[in-house]
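In: Show me how the following folds:
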Amino acid sequence: AVEGKIASLTSQREENFAKLALFYLPKLEAEAVGSAVRDLQAQVKKVFEEKQAKRRGLDQLLQVSQGRRNELQQQVGTLDEQLEQAATKKEHTQRAVAEELATKPEYITLHTQARQAQSRLDQNKKRAEAFAGEATEKLKAYEGERLFMYLVRRQFGTAAYGEGGLTTKLDGWVATMVNYRQNRVNYDFLKSMPGAIQEEIGRQQAELDPLVQKIEAMEQETEKHQDLPTIIKRGESLVRDKHKIVSQLEKEELEFKKYQQERTELDGNKDEYHREALGRLKEYLKSQNITELKRRARTTPHQDDDRLVDQIDGVDTQIKDLKRQAKELQQQQSDLSTKLEGLQAISRRYTKNDYESSRSYFGDRLDIDTLLAGYIAGSISTNDFSGELDQHHKWKPRETYSTYDTGGYTPSHRSTPSRARDDDSYTS
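Out: Sure, this is the predicted structure:
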């Protein structure tokens, strides 16, 4: 609308210059002035029309791209709904598996045995860790005693000690002085005990492993009975489909942004030819011929020529105002496009992080309205917005066989874990 007004006012100014020239100049000279203004204006108009055609082409590309974006976003929304349904079905099926397992005495017995074995194993691991730290410190003290370590290296008091005579007598005197026999017992204990503890841990682990394998076998058998693997496979297929669509959406967003950038540059910049054509027109309008026409009109008693000059000046003022308004609108449009792109980036990140998941929620201290207001006002950046979401985001505990789960057993050669327990909901 603004550009149309400018074009209309420009034509009006062109006609007024031609009429004003006819007042004071010979016919041929007046026609030359009118022709010059028309030719120069035509050059500017041609560039303007070419620019308009390119703008229309970009607007069409933006419209097509926006349509694809909307379609892909709808597909993501549909997949999210299907994933939520699949996750709900999976959770219900997991509960059915847990309920069926709870009716099996053998599973309950194995679970109890495994839990007790795991408890003993955990306690021994803690003891082993504590003893290892204590033994390390005490061994440092023994190894810091030069005389004691001298006897240890000579294997004093063992069958491997091969000295005799005076050397044996002197070594015996040193042994008495450092209380070697008692300290050697303690030293050997500190050296050997960690290994013995690890052997016991290995033995207990070997007892636990078969129990866990039997538990997992029963769980997997029950999962098949409840058709859980099929449900999981369906959910995983939906996840792959969603990732594929999200990837396509990200590519389309980049394409849309490229067209947007070209559109912004087209509105904000004038190419060299356009600047040159405008420059020639401006120079001509400031030339002696035009200036003289205006001066003559102001110094004569005629009212008609004064009205023409007033109209020309008024048109010039209106054109300047309209161009200023156009620039302001373009800047506002650019600012809004930037903010919209930022919100879309936040939305894409929200989707990519699976914050729509049924297990996903945000703490009570997150004030989304204040965040949005701050972002629109420009006081909060896209990164700040995303950071606030991340900071307040939480995950609900995953669904497990809560009453009869495997209690976190840690066999040394554990079989493939139950996917029903180890997978999160499909949207997380």
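
In: For the rest of this, base every contact and every neighbour count on C-alpha atoms.
Out: Noted.

In: Which strands and helices lie in contact with the helix or strand hosting Lys258?
Out: Lys258 is part of helix 228-268, with elements assigned from DSSP states H and E. Contacts defined by 3 or more Cα pairs under 8 Å, 6 or more residues apart in numbering; DSSP states H and E place helix 228-268 against helix 27-101, helix 303-352, helix 419-422.

In: What helices and strands are in contact with the longest one?
Out: Other helices and strands packing on helix 27-101, by 3+ Cα pairs under 8 Å, 6+ apart, are helix 2-24, helix 180-225, helix 228-268, helix 272-285.

In: got the angle between it and helix 228-268?
Out: 170 degrees (axes from the mean of the first three to the mean of the last three Cα atoms, to 10 degrees).

In: tell me the mean pLDDT for helix 27-101?
Out: The average of the pLDDT scores along helix 27-101 is 80.

In: Same question for the shortest one.
Out: Mean pLDDT, computed over helix 419-422, is 42.

In: Name the residues of stretch 200-213 that come out as buried.
Out: Ile201, Gln204, Gln205, Leu208, Asp209, Pro210, Leu211, Val212, Gln213 (16 or more other Cα atoms under 10 Å).

In: For it, list the C-alpha coordinates in PDB.
Out: Output in PDB follows, covering the C-alpha atoms of stretch 200-213 (Å, rounded to 0.1, in the frame of the first residue of the first chain):
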ATOM      1  CA  GLU A 200      34.900 -63.600  48.100                       C
ATOM      2  CA  ILE A 201      33.100 -60.900  46.200                       C
ATOM      3  CA  GLY A 202      33.700 -62.900  43.000                       C
ATOM      4  CA  ARG A 203      32.200 -66.000  44.600                       C
ATOM      5  CA  GLN A 204      29.100 -64.100  45.800                       C
ATOM      6  CA  GLN A 205      28.800 -62.500  42.300                       C
ATOM      7  CA  ALA A 206      28.900 -66.000  40.800                       C
ATOM      8  CA  GLU A 207      26.100 -67.100  43.100                       C
ATOM      9  CA  LEU A 208      24.000 -64.000  42.100                       C
ATOM     10  CA  ASP A 209      24.400 -64.200  38.300                       C
ATOM     11  CA  PRO A 210      22.300 -67.400  37.800                       C
ATOM     12  CA  LEU A 211      19.500 -66.000  40.000                       C
ATOM     13  CA  VAL A 212      19.400 -62.800  37.900                       C
ATOM     14  CA  GLN A 213      19.500 -64.700  34.700                       C
END
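
In: Of the helices and strands packed on helix 228-268, which is nearest Gln261?
Out: Using Cα to Cα as the measure, helix 303-352 is the one of those that comes nearest Gln261, at 9.2 Å.

In: and the closest one, what does it pack onto?
Out: Under the contact definition 3+ Cα pairs under 8 Å, 6+ apart, helix 303-352 sits against helix 2-24, helix 228-268, helix 288-299, helix 382-392.

In: nearest to Trp173, of the buried residues of stretch 200-213?
Out: Set against Trp173, the nearest of the buried residues of stretch 200-213 by Cα to Cα is Ile201 (41.5 Å).

In: thinking that closest one is in contact with Asn124, fair?
Out: Yes. Counting by Cα atoms under 8 Å, Asn124 is a contact partner of Ile201 at 6.7 Å.

In: intersection of neighbour lists for the two?
Out: With contacts defined as Cα atoms under 8 Å, 6 or more residues apart in numbering, no residue is shared by Ile201 and Asn124.

In: on that earlier part again, tilt between the helix holding Lys258 and helix 180-225?
Out: Going by the same axes, to 10 degrees, helix 228-268 makes 90 degrees with helix 180-225.

In: Check the offset of helix 228-268 from the chain's centre.
Out: Distance, stretch centre to chain centre, for helix 228-268: 13 Å (Cα atoms, centre = their mean, to the nearest Å).

In: For the protein, name the helix or strand with the lowest mean pLDDT.
Out: None of the helices or strands of the chain scores lower by mean pLDDT, DSSP states H and E than helix 419-422, at a mean of 42.

In: check contacts around the residue of the chain positioned farthest from its centre.
Out: Relative to the C-alpha centroid of the chain, counting by Cα atoms, centre = their mean, Gly165 is the outermost residue, at 80.2 Å. Gly165 makes no contacts at all, as judged by Cα under 8 Å, 6+ apart.

In: Between the helices and strands packed on helix 228-268, which one is closest to Arg234.
Out: The nearest among the helices and strands packed on helix 228-268, by Cα to Cα, is helix 27-101 at 7.7 Å.

In: got the angle between that closest one and helix 303-352?
Out: Using the same axes, to 10 degrees: helix 27-101 against helix 303-352 is 20 degrees.

In: between the helix or strand following helix 27-101 and helix 180-225, how big is the angle?
Out: Downstream of helix 27-101, the next assigned helix or strand under DSSP H and E is helix 105-143. Between helix 105-143 and helix 180-225, the angle comes out at 150 degrees (the same axes, to 10 degrees).

In: Counting by contacts, list what helix 105-143 packs against.
Out: helix 146-153, helix 180-225.

In: Thr222 - nearest residue in space that isn't next to it in sequence?
Out: Excluding its sequence neighbours, the residue lying closest to Thr222 (Cα to Cα, 6 or more residues apart in numbering) is Val97, at 6.1 Å.

In: His225 versus the one you found, what's the distance?
Out: According to Cα to Cα, to the nearest Å, Val97 and His225 sit 8 Å apart.

In: which of these two has more neighbours?
Out: Val97 (24 against 12; other Cα atoms under 10 Å).

In: Can you name the residues that contact the more buried one?
Out: With Cα under 8 Å, 6+ apart, Val97 has these contacts: Glu219, Thr222, Glu223, Gln226, Tyr401.

In: so can I have CSV of these showing neighbour count?
Out: Putting these into CSV (neighbours: other Cα atoms under 10 Å) gives the following:
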residue, neighbour count
Glu219, 24
Thr222, 18
Glu223, 23
Gln226, 16
Tyr401, 19
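
In: Lowest pLDDT pick from those?
Out: Across the contacts of Val97, the bottom pLDDT score, 55, is held by Tyr401.

In: I'd like the distance from stretch 106-124 to the chain centre, please.
Out: Relative to its parent chain, stretch 106-124 has a centroid offset of 42 Å by Cα atoms, centre = their mean.

In: How much space separates Asp321 from Lys327?
Out: From Asp321 to Lys327 the distance is 10 Å (Cα to Cα).

In: Overlap in contacts, those two.
Out: Contact with both Asp321 and Lys327 is made by no residue, according to Cα under 8 Å, 6+ apart.
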